[in-house]
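Participant: predicted model and sequence follow; I will ask about them next.
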Amino acid sequence: MDYVITFSEWLQLHPQTSALVFVLAFALIMAIGVPGGNILMLTSGMLFGTMAGAALSVCGGVLAAWTTNVLIRTAFGRWLDRRAGPARSRVRRFVESGNWLLLVVPRLVPVIPFFVINVALTAAGVSRRSYVLSTFVGLVPIALLFANIGSQFSDVNDLSAVSATSMLTSAELLVPLGLLITITMLGWAFFRIRVRA
């Protein structure tokens with residue numbers, strides 16, 4: 001554990017540099033499709049605390065989403081328009097007519113890979129504004145949840161004293177988890193209603 005303590009001390013001595021490195025690393029890993037977004041968000045809470053860690057994760061996630069969007073549009077934009085132009089136009093009109101919040105729902109499901117959502121929304125022709133905005137809104141609760149869990153391990157000297165049972169039954173975990181489940185269910189219900197309308 002000595003190397004972990006040393007790294008934590010380095011973070012405290014170089015907070016701005018470490019925050020920038022984390023955001024860029026998060027963005028790069030997510031942009032190229034490497035799995036592990038949830039682990040990174042847990043790590044953000046462990047290293048920077050709940051609020052700062054969540055904020056850095058959101059920044060990294062939005063940057064990754066924007067990068068993926070730009071790369072796919074640049075490399076495959078014309079091909080996608082030829083193959084699925086009418087369908088992409090319908091999706092774009094549907095989203096721009098006030099349904100952009102539907103794009104938030106996939107972000108609220110931690111089991112769906114971040115990269116897959118980015119590619120799917122970009123391929124569907126969602127406008128960049130709606131795409132980035134929905135990414136930000138959807139990442140905030142997820143990042144807060146995972147950063148909050150990670151923050152419980154922030155004191156590396158007490159890791160051995162942390163009880164898995166006490167952590168899983170703590171209010172710090174159960175409250176945001178309950179809110180996340182509620183938001184996801186409401187989002188899915190809203191999606192079904194809007195699609196059927």
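Facilitator: Okay, I see it.

Participant: the bottom helix or strand of the protein by mean pLDDT?
Facilitator: helix 164-168 (a mean of 56; mean pLDDT, DSSP states H and E).

Participant: can you pull the pLDDT of residue 64?
Facilitator: pLDDT for residue 64: 94.

Participant: tell me where the model's unsure across the chain.
Facilitator: 1-8, 77, 80-101, 154-173, 176, 180, 183-184, 187-188, 190-197 (pLDDT under 70).

Participant: show me the helices in it, by range?
Facilitator: 2-13, 15-31, 37-48, 50-94, 104-107, 114-123, 128-151, 164-168, 171-196 (DSSP state H).

Participant: just the buried residues of the second one, please?
Facilitator: The reference is to helix 15-31. 18, 19, 22, 23, 26, 27, 29, 30, 31 (16 or more other C-beta atoms under 10 Å). From N, CA and C alone the C-beta is placed, and that goes for glycine too.

Participant: dump the residue contacts of the fifth one.
Facilitator: With contacts taken as C-beta atoms under 8 Å, 6 or more residues apart in numbering, residue 26 has the following neighbours: 40, 44, 56, 57, 59, 60, 61, 63, 64.

Participant: go on, the fourth one?
Facilitator: With contacts defined as C-beta under 8 Å, 6+ apart, the neighbours of residue 23 are 56, 59, 60, 63.

Participant: ok, of the buried residues of helix 15-31, which one's closest to residue 105?
Facilitator: residue 30 (18.8 Å; C-beta to C-beta).

Participant: go ahead and confirm the closest one touches residue 59.
Facilitator: No: the pair residue 30 / residue 59 is not scored as a contact, 11.5 Å apart, by C-beta atoms under 8 Å.

Participant: coming back round to it: tell me the one of the contacts of residue 23 nearest residue 151?
Facilitator: Once C-beta to C-beta is applied, the member of the contacts of residue 23 that ends up nearest residue 151 is residue 56, at 12.6 Å.
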